[in-house]
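[1] what's the 3D shape of this:
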Amino acid sequence: MKEEKGINIEEIEKTSYDNGYDDGKSDGKYEMQIEIVKRLKKANIEDNLIVEITDINPLELKDLN
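    Predicted coordinates:
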């Protein structure tokens, strides 16, 4: 029946895995960025410099205050 409908379970699994992996990498990168921002803020680095260094959105930076 799967073949009749053109459904390839292996391809769906691979695509789902790849998407999940990419999401995980993106989430990890964001968490790392937030940790760096927190440390820079703790070191009394100016907000505009933190934005330049980390490429964080200034609105997100404001939320971390």
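[2] what strand or helix carries Asn48?
    helix 47-54 (DSSP states H and E).
[3] show me what counts as buried in that helix.
    47, 50, 54 (16 or more other C-beta atoms under 10 Å). For glycine as for every other residue, the C-beta is placed from the backbone atoms N, C-alpha and C.
[4] pLDDT check: weakest of those?
    Comparing pLDDT over these, the lowest score belongs to Thr54 (91).
[5] how far does the host helix or strand of Arg39 sit from the chain's center?
    Taking DSSP H and E as the definition, one finds Arg39 inside helix 9-42. Distance of helix 9-42 from its chain centroid, counting by C-alpha atoms, centre = their mean, to the nearest Å, is 4 Å.
[6] now stretch 52-64
    Distance, stretch centre to chain centre, for stretch 52-64: 14 Å (C-alpha atoms, centre = their mean).
[7] same question, stretch 41-59
    Worked out by C-alpha atoms, centre = their mean, stretch 41-59 lies 18 Å from the chain centre.
[8] ok, the nearest residue to Leu64 once chain neighbours are set aside - contacts?
    Excluding its sequence neighbours, the residue lying closest to Leu64 (C-beta to C-beta, 6 or more residues apart in numbering) is Val37, at 6.1 Å. Residues near Val37 by C-beta atoms under 8 Å, 6 or more residues apart in numbering: 50, 54, 56, 61, 64.
[9] quick one: the first one from Asp27, how far?
    Look at Ile50 and Asp27: by C-beta to C-beta, to the nearest Å, they are 21 Å apart.
[10] where in the chain is pLDDT low?
    Confidence mapping of the chain against pLDDT under 70 gives the ranges 1-5, 65.
[11] recalculate using a threshold of 80.
    Filtered on pLDDT under 80, the chain yields the residue ranges 1-7, 65.
[12] sorry, back to before: between the buried residues of helix 47-54, which is closest to Glu11?
    Glu11 has its nearest neighbour among those in Thr54, at 37.3 Å by C-beta to C-beta.
[13] I figured the closest one hits Arg39, correct?
    No: look at Thr54 against Arg39 with C-beta atoms under 8 Å: they stay out of range, at 10.1 Å.
[14] what is the nearest of the buried residues of helix 47-54 to Ile9?
    Nearest to Ile9, judged by C-beta to C-beta, of the buried residues of helix 47-54 is Thr54 at 41.1 Å.
[15] lovely, talk soon.
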